[in-house]
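[1] Could you look at this predicted model? Sequence included:
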Amino acid sequence: MYFRREGFYRFLLGKVEGDIGMKVSSKGKYAIRFLLDLAVNDTGEYISLKLISSRQELSEKYLEQTSSLLSKAGLVKSTRGSNGGYKLAKKPENYTIGTILRLTERTLVEEYEGRENKNMDYTNETVVDQMLQLISEKVVLLLEELTLQDLVDMYQKTVFDDYVI
């Protein structure tokens, strides 16, 4: 089974029109899609980069860079040769999205610095500053709780909900 469901990716990566969400680089999205493909299609065998590239309709050259980064970080195992390819180094529930994105992003969320002059009166602006800081902290916590297995479950639910006989 393979996947390339545009609606699923828009949901997963915050591309819903009018949505306020975090910005994830192409490298981060590729890393998540690469690992998700390995998890969804896991048979215990190595999966070739060419096959993943084809299924995901992603540049094989760019996936090589992504897979190298993930391999060096110990998130995937790789082997060379005619039966070479990649597979997950651990079970999907042992990968957090925060861990994956930390490899590819400068920061998980934009750091909100708030007011420059901390001696100013407590105003609506400082309350908004505190709210934005709280949102940033909650996003980081969510990314540390959300696992690759959660994404596999979301994907399977999306596929099975769309299945019609």
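    Noted; the coordinates are in hand. Residues are numbered from 1 along each chain as shown.

[2] Measure how far the helix or strand where residue 150 lies is from the centre of its chain, please.
    Using DSSP states H and E, residue 150 sits within helix 148-162. A distance of 14 Å separates the centroid of the chain from that of helix 148-162, by C-alpha atoms, centre = their mean, to the nearest Å.

[3] What helices and strands are in contact with that helix?
    The contact analysis (3 or more C-beta pairs under 8 Å, 6 or more residues apart in numbering; DSSP states H and E) places helix 148-162 against helix 6-12, helix 26-40, helix 97-104. Glycine gets a C-beta too; all of them are placed from N, C-alpha and C.

[4] Report the buried residues of it.
    148, 151-152, 155, 158 (16 or more other C-beta atoms under 10 Å).

[5] in this structure, which helix has the most residues?
    Counting residues, the longest helix found in the chain (DSSP state H) is helix 124-145.

[6] and the angle from that one to helix 97-104?
    100 degrees (axes from the mean of the first three to the mean of the last three C-alpha atoms, to 10 degrees).

[7] Use 57 as the first number from now on
    Renumbered: residue one is now 57, and that last one reads helix 180-201.

[8] average pLDDT for helix 180-201?
    The pLDDT scores in helix 180-201 average 84.

[9] Can you read off the pLDDT for the one residue sitting closest to the centre of the chain?
    Central residue of the chain (C-alpha atoms, centre = their mean): residue 88, 3.7 Å from the mean position. Note on residue 88: pLDDT of 96.

[10] Report whether the expected contact of it with residue 208 is present.
    No - with contact defined as C-beta atoms under 8 Å, residue 88 does not reach residue 208; the gap is 11.5 Å.

[11] Give the other helices and strands that the longest helix of the chain contacts.
    helix 153-160.

[12] Name the residues that touch the helix it packs on?
    Identification of contacts with helix 153-160 by C-beta atoms under 8 Å, 6 or more residues apart in numbering yields 80-81, 83-84, 87-88, 91, 122, 125-126, 129, 131, 164, 196, 199-200, 202-204, 207.
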